[in-house]
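J.: After the sequence you'll find the predicted model.
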Amino acid sequence: MQYVQGMSQPSDPSRRPSRARAASDPPESAAGSRAAAQRLKMRHELAAAAMELFATKGYEATTVDEIAAAAGIARRTFFRHFRSKEEAIFPDHDETLVRAEAVLNAAPAHEHPLDTVCRGIKEVMRMYAASPAVSVERYRLTREVPTLREREIASVARYERLFTRYLLGHFDERDHHDGNDDPLLAEVAASAVVTAHNHVLRRWLRAGGQGDVETQLDHAFAIVRDTFGRGIGAGRSPHGRSATAAPSATGHGEVLVTVARTDAPLDEVMRTIRRALADGQG
């Protein structure tokens, strides 16, 4: 199998994600930009106040009134920005999701969609890397408070749905038959990209936010592309119709199940998968 750099366009154009803003749309007004910047500033101030109180008083003992008072605003103003106190320590996820989607929407036609997804999820890592100390403290809190951990898991699930939808948008799920496993590979690859990102992120957070996290992420993505990306599109013609696949491109439709420790290095996990694949083809 060869890693395919050029990809066919989605077989169903209506499935392609819509662009956040058409080229003919007018730019956002200066007043609107200022309002958005002020809103984001306030969200960050509330998040900082919440984080400090959680660290000093504990999560359960901290109230919304105390967070609002620490930020110098009224309780009702707090609820204009966040629906709950646990939401207050995740002020950037909505904005980051928009930025990640913008990367997908602006992808050049020649770019492999898996590469596009890797670029998109880098926006998430950059969000954490922009404030290492805050990110490390947030990670500590989410490990200690089940409610916060559930909130973080829900946020991660939004990214995974976005990237899965993008990859599946390039392939017709109804066109999954012998010789064309693109829909399956697309969904598995989207999960692999998110898993690789989260693995690198957790390792970086456990190290106190030290190290070149973007280089580590590029290395992890290279492993994902080598493991999954080569097969996507290998069984399709330039016009999106199925083509005769090379004997090595598809196996026999069997299911591969592997077991790995959750704390195992990503390289080791991928080696386990590759060995299992090789054994299955032998």
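T.: On my side now, so go ahead. Residues are numbered from 1 along each chain as shown.
J.: Give me the below-cutoff pLDDT ranges for the stretch 1-150 of the chain.
T.: 1-29 (pLDDT under 70).
J.: all strands in it, in order from the N-terminus.
T.: Remark: no strands are assigned in the stretch 1-150 of the chain by DSSP state E, counting those that start in this stretch.
J.: Tell me where it has helices.
T.: Per DSSP state H, counting those that start in this stretch, the stretch 1-150 of the chain carries helices over the ranges 30-57, 64-71, 75-81, 93-105, 113-129, 132-144, 146-168.
J.: got those helices as TSV, with mean neighbour count and distance to residue 267 columns?
T.: For glycine as for every other residue, the C-beta is placed from the backbone atoms N, C-alpha and C. Shown next, in TSV, are the helices of the stretch 1-150 of the chain (neighbours: other CB atoms under 10 Å; distance: least, CB to CB, whole Å):
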stretch	mean neighbour count	distance to residue 267
helix 30-57	15	34
helix 64-71	18	42
helix 75-81	14	41
helix 93-105	17	26
helix 113-129	21	17
helix 132-144	17	23
helix 146-168	17	22
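J.: how about those helices in a markdown table, adding distance to residue 187?
T.: As requested, the helices of the stretch 1-150 of the chain are exported to a markdown table (distance: least, CB to CB, whole Å):
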| stretch | distance to residue 187 |
| --- | --- |
| helix 30-57 | 33 |
| helix 64-71 | 39 |
| helix 75-81 | 35 |
| helix 93-105 | 16 |
| helix 113-129 | 12 |
| helix 132-144 | 27 |
| helix 146-168 | 6 |
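J.: Among those helices, which comes closest to residue 193?
T.: helix 113-129 (5.3 Å; CB to CB).
J.: who's in contact with residue 52?
T.: Residues counted as contacts of residue 52 (CB atoms under 8 Å, 6 or more residues apart in numbering) are residue 70.
J.: scratch that, residue 45
T.: Residues near residue 45 by CB under 8 Å, 6+ apart: residue 71.
J.: about what we covered before: could you say which one of the helices of the stretch 1-150 of the chain comes nearest to residue 219?
T.: Proximity to residue 219, assessed across those by CB to CB, is greatest for helix 113-129 (11.6 Å).
J.: name the helices or strands packed onto that closest one?
T.: When contacts are defined as 3 or more CB pairs under 8 Å, 6 or more residues apart in numbering; DSSP states H and E, helix 113-129 packs onto helix 93-105, helix 146-168, helix 182-206, helix 213-224.
J.: Now render those as CSV, adding distance to residue 32.
T.: Shown next, in CSV, are the helices and strands packed on helix 113-129 (distance: least, CB to CB, whole Å):
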stretch, distance to residue 32
helix 93-105, 15
helix 146-168, 24
helix 182-206, 32
helix 213-224, 31
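J.: So which of the helices of the stretch 1-150 of the chain is nearest residue 220?
T.: Checking the helices of the stretch 1-150 of the chain against residue 220 by CB to CB gives helix 113-129 as the closest, at 9.3 Å.
J.: now the closest one and helix 182-206, what's the angle there?
T.: Here the directions of helix 113-129 and helix 182-206 differ by 20 degrees (axes from the mean of the first three to the mean of the last three CA atoms, to 10 degrees).
J.: now could you export just the CA positions of helix 113-129 as CSV?
T.: Only the C-alpha atoms of helix 113-129 are listed here, as CSV (Å, rounded to 0.1, in the frame of the first residue of the first chain):
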residue,chain,number,x,y,z
PRO,A,113,-7.8,14.7,4.5
LEU,A,114,-5.9,12.9,7.3
ASP,A,115,-3.2,15.6,7.0
THR,A,116,-5.9,18.2,7.3
VAL,A,117,-7.3,16.6,10.4
CYS,A,118,-3.8,16.5,12.0
ARG,A,119,-3.4,20.3,11.3
GLY,A,120,-6.9,20.9,12.7
ILE,A,121,-6.3,19.2,16.0
LYS,A,122,-3.0,21.1,16.5
GLU,A,123,-5.3,24.1,17.3
VAL,A,124,-6.3,22.1,20.4
MET,A,125,-2.7,21.5,21.5
ARG,A,126,-1.9,25.2,20.9
MET,A,127,-4.7,26.2,23.2
TYR,A,128,-3.1,24.2,26.0
ALA,A,129,0.5,25.2,25.2
